[in-house]
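A.B. asks: Structural data only, the sequence is not supplied:
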């Protein structure tokens, strides 16, 4: 994998892939799909069975076929695999054969390839698709053993690199090869993924972040990120973090220390609201000479009480710095500062900060460039407003105005006696960040980077992974911003400049052009089609010119483009709302529902110290009024109020949520209500929420792939796992039950239960590999009731029990002897059905 880019300051060496034993030569071009038969593996219905006790045999097949065979099809001729290997000496004096690809990306070899033929490109595309399908299947069947994990990793990275070379820049490799998209994997934890997670956690990464990065991003981006040198604060450790949560950046308000630019500074504030008696301080580095500076808290409270927004400016006086407070006016231009409290720039007891911190903020404000232009797709409608806005900002840039800024530490009142004012200020935060001319991001890890010594890819990688980009509040602050700036050690990094992402090129500019052409008079339709045809031809011509560049350079450019896209998508409302509007800009009927799914799924990768904040953030991002949520007595009531305000349409996948749920373990109707976004992904199929029930029907097209499995017995089963055999289809499911051992639900009220299974089959009626999500529902319904009433569809009232995780298991190998498993019989309901699940009370 020596053709993959490396960050300049990376701490991990590139992964070296060992050569498998007994490589089978790839001797016949055009026989790619049939090659496994030459290695002793059978092919049934186009599928290869990789389950084999001989690990070396599987490794040999994978490397001979999906690595060296793929290279042969790419080059257009067969070769001796030893041309792509080298010998490496080990510390004990022995040698090992390593796969080396330097010859593959040599300009002389690539220059001799005939890639001008569209048929040649199409055939190789099909070959990549076949390779992708088989590597996905291998992921579900092989174990995490050396060298299988590194071999499958090298195959995916090779497929990524070759697709970058073969296909135009606006076509992402994961759109060409679904195997590169982690969302298409039956199991998120493929051997290659688990290998990278282990590698990252061994290097000090947070397990929660490593897991979610591997779940969200394709293998090439994760491989690049795994090599970054993370610059954590000395006191920060992820030793107590797990795959399900990160607590390293959580804070304790009772013991929270406001920090200084350097650890030797002695200008810290005293406990309580008093700044204490003055005393001389000078650490030599941060040049602090006085106690921290406090804002005029009376003026601050007065502005908020009147419904206004306070803004801060820093002025220099002979006695030191002074903070001035003024009210936001219609002509005010200001910068909103976004930071993570765990970096030490908060203050739970006073609206004050040390002078060294304020001086650094002042320098950052001085260095801020003017905000960049709007997104190209908004060019037509925003041109006049943008010109006026830029003219306004010129005064800020030329220094003719005060450098105003808003920061939560200085602008939100503290203390229990000001709880109402604090609630008012928090409720204004969405407006504050949306109205700011720029948002300045201050993160301790980013401020350790130097622009002069870092590549753009490295900076983007750190932005994607830094603490600021993992917290819930900063999602709102970054998403609402019109322009984002990141403070580095020696300058400001502007995310809004530079080349657009491939999604912006493809969905932004092309969509804008299409929209303009569609509103032109009909006589221009021929000209419009010809113009679009010429545009596509130009893109393809530029792509063919790219092939003259070295492969590592092409791959490095693509990784950089992918990183920029991922950073923009991590807090971009335009990404969440893409596809939610028609060409005229009007919202589609399901726009709000789709936006809810996107925001929820984004927040599940982020953390917060206070769970109560989650509902407020969700409400702000969805443009809902958060005032009613603030005054709810508990977090569970806030979440319930929020969900009922989002309805009547909610995702069915909420029933599959294995994360924290409302009063989990107690007997009540809202056992399904989540208390926070968790690792469980929400998707499109929906159910209808009323005051007292959730309704879903098999007649909903989105639920066609779901199965309702009925079991005519009580669910009073105290086993962690059960095996259910479907008498209708013959399929057996191994079911893992996510329920507390001391759950107080009264099973005696319900004579039977049913299992709602998200999706049993993939394409061609092949049972799903890996984990399948499901939910257990308690009911009194029986087939006899249905036959007696002769009602169609099946109407079933149920009480939600718990989420499930299922796997389709071999009917001949059900581990009958296991102590923790219980075997039951069930039957899938083949006709139409409708469920009413208790909710509300």
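C.D. replies: Cool, the structure landed. Quick caveat: nothing in here was measured; it's all calculated off a predicted structure.
A.B. asks: what's the weakest-modelled helix or strand in the protein?
C.D. replies: In the chain, no helix or strand scores lower on mean pLDDT, DSSP states H and E than helix 379-398, which sits at a mean of 37.
A.B. asks: Next up, the contacts around the residue nearest to residue 26 when sequence neighbours are not counted.
C.D. replies: Once flanking residues are discounted, residue 26 sits nearest to residue 69: 4.1 Å by Cβ to Cβ, 6 or more residues apart in numbering. (Each C-beta comes from the backbone N, C-alpha and C, glycine too.) Neighbour list for residue 69: 26, 32, 35 [criterion: Cβ atoms under 8 Å, 6 or more residues apart in numbering].
A.B. asks: now do 10 Å
C.D. replies: 24-29, 31-32, 35, 61-63, 78, 81, 127, 131 (Cβ atoms under 10 Å, 6 or more residues apart in numbering).
A.B. asks: Of these, which belong to helices?
C.D. replies: 61, 62, 127, 131 (DSSP state H).
A.B. asks: So which of these wins on neighbours?
C.D. replies: residue 61 (27 neighbours; other Cβ atoms under 10 Å).
A.B. asks: what's the distance between stretch 12-25 and the middle of its chain?
C.D. replies: 31 Å (Cα atoms, centre = their mean, to the nearest Å).
A.B. asks: Also stretch 636-653?
C.D. replies: The answer for stretch 636-653 is 22 Å, by Cα atoms, centre = their mean.
A.B. asks: those helices in the stretch 51-200 of the chain, which residues are they?
C.D. replies: 55-62, 70-75, 107-111, 118-141, 148-166, 173-176, 191-202 (DSSP state H, counting those that start in this stretch).
A.B. asks: re the thing from before, tell me which two in the ones in helices among the contacts of residue 69 are the farthest apart.
C.D. replies: 61 and 127 (16.5 Å; Cβ to Cβ).
A.B. asks: Burial check on residue 82, number of neighbours?
C.D. replies: 10.
A.B. asks: swap in residue 11?
C.D. replies: Counted with other Cβ under 10 Å, residue 11 comes out at 11.
A.B. asks: where's it relative to residue 139, distance?
C.D. replies: Using Cβ to Cβ, to the nearest Å, residue 11 is found at 28 Å from residue 139.
A.B. asks: again, but for residue 2
C.D. replies: Counting by Cβ to Cβ - residue 2 and residue 139 are separated by 24 Å.
A.B. asks: more neighbours, the two?
C.D. replies: Between residue 2 and residue 139, counted using other Cβ under 10 Å, the more crowded position is residue 139 (23 against 16).
A.B. asks: nearest spatial neighbour of the more buried one, skipping sequence neighbours?
C.D. replies: Per Cβ to Cβ, 6+ apart, closest to residue 139 is residue 190, 3.7 Å.
A.B. asks: Just to check, the one you found is in contact with residue 770?
C.D. replies: Yes. With contact defined as Cβ atoms under 10 Å, residue 190 counts as touching residue 770 (9.4 Å).
A.B. asks: Tell me who's in contact with residue 743.
C.D. replies: Contacts of residue 743 (Cβ under 10 Å, 6+ apart): 664, 665, 666, 667, 671, 718, 737, 801, 802.
A.B. asks: mind listing the helices for the stretch 201-350 of the chain?
C.D. replies: 207-216, 219-225, 297-305.
A.B. asks: now the angle from the longest one to helix 191-202?
C.D. replies: Pointing back at helix 207-216 there. 150 degrees (axes from the mean of the first three to the mean of the last three Cα atoms, to 10 degrees).
A.B. asks: so what pLDDT did residue 504 get?
C.D. replies: pLDDT recorded at residue 504 is 43.
A.B. asks: before we move on, what about residue 142?
C.D. replies: Looking at residue 142, its pLDDT is 78.
A.B. asks: Can you report how many residues neighbour it?
C.D. replies: Neighbour number of residue 142 under other Cβ under 10 Å is 21.
A.B. asks: For it, which non-adjacent residue is spatially closest?
C.D. replies: Residue 142's closest residue in space is residue 148 (Cβ to Cβ, 6+ apart), at 5.0 Å.
A.B. asks: Show the model's pLDDT score for that neighbour.
C.D. replies: 87.
A.B. asks: domains for the chain, by residue range?
C.D. replies: 32-225, 293-494, 697-838 (automatic domain parsing).
A.B. asks: if we can go back for a sec, minimum distance to residue 158: which of the helices of the stretch 201-350 of the chain has it?
C.D. replies: helix 219-225 (10.1 Å).
A.B. asks: next one: the closest one to chain centre, how far?
C.D. replies: Counting by Cα atoms, centre = their mean, helix 219-225 comes out at 14 Å from the chain centroid.
A.B. asks: my guess is residue 159 contacts residue 177, does it?
C.D. replies: Yes. Here residue 159 reaches residue 177: they are 5.5 Å apart, a contact under Cβ under 10 Å.
A.B. asks: Mind listing the shared neighbours of those two?
C.D. replies: Jointly contacting residue 159 and residue 177 under the rule Cβ under 10 Å, 6+ apart are 128, 131, 132, 135.
A.B. asks: Show the pLDDT at the third one.
C.D. replies: Read it as residue 132. 88.
A.B. asks: What separation is there between it and residue 709?
C.D. replies: Residue 132 is 32 Å from residue 709, by Cβ to Cβ.
A.B. asks: cool, and the last one?
C.D. replies: Using Cβ to Cβ, residue 135 is found at 31 Å from residue 709.
A.B. asks: burial count for residue 34?
C.D. replies: By other Cβ under 10 Å, the residues close to residue 34 number 10.
A.B. asks: Tell me who's in contact with it.
C.D. replies: So residue 34 contacts 28, 43 (Cβ under 10 Å, 6+ apart).
A.B. asks: Tell me the confidence at it?
C.D. replies: 89.
A.B. asks: With residue 119 instead?
C.D. replies: For residue 119, the model assigns a pLDDT of 75.
A.B. asks: The one 4 residues further on too?
C.D. replies: As summarised for this prediction, residue 123 has a pLDDT of 85.
A.B. asks: ok, longest strand in this structure?
C.D. replies: Ranked by residue count, the top strand of the chain under DSSP state E comes out as strand 794-809.
A.B. asks: Enumerate the positions of that one that are buried.
C.D. replies: The neighbour-count check on strand 794-809 (16 or more other Cβ atoms under 10 Å) flags 794, 796, 798-809 as buried.
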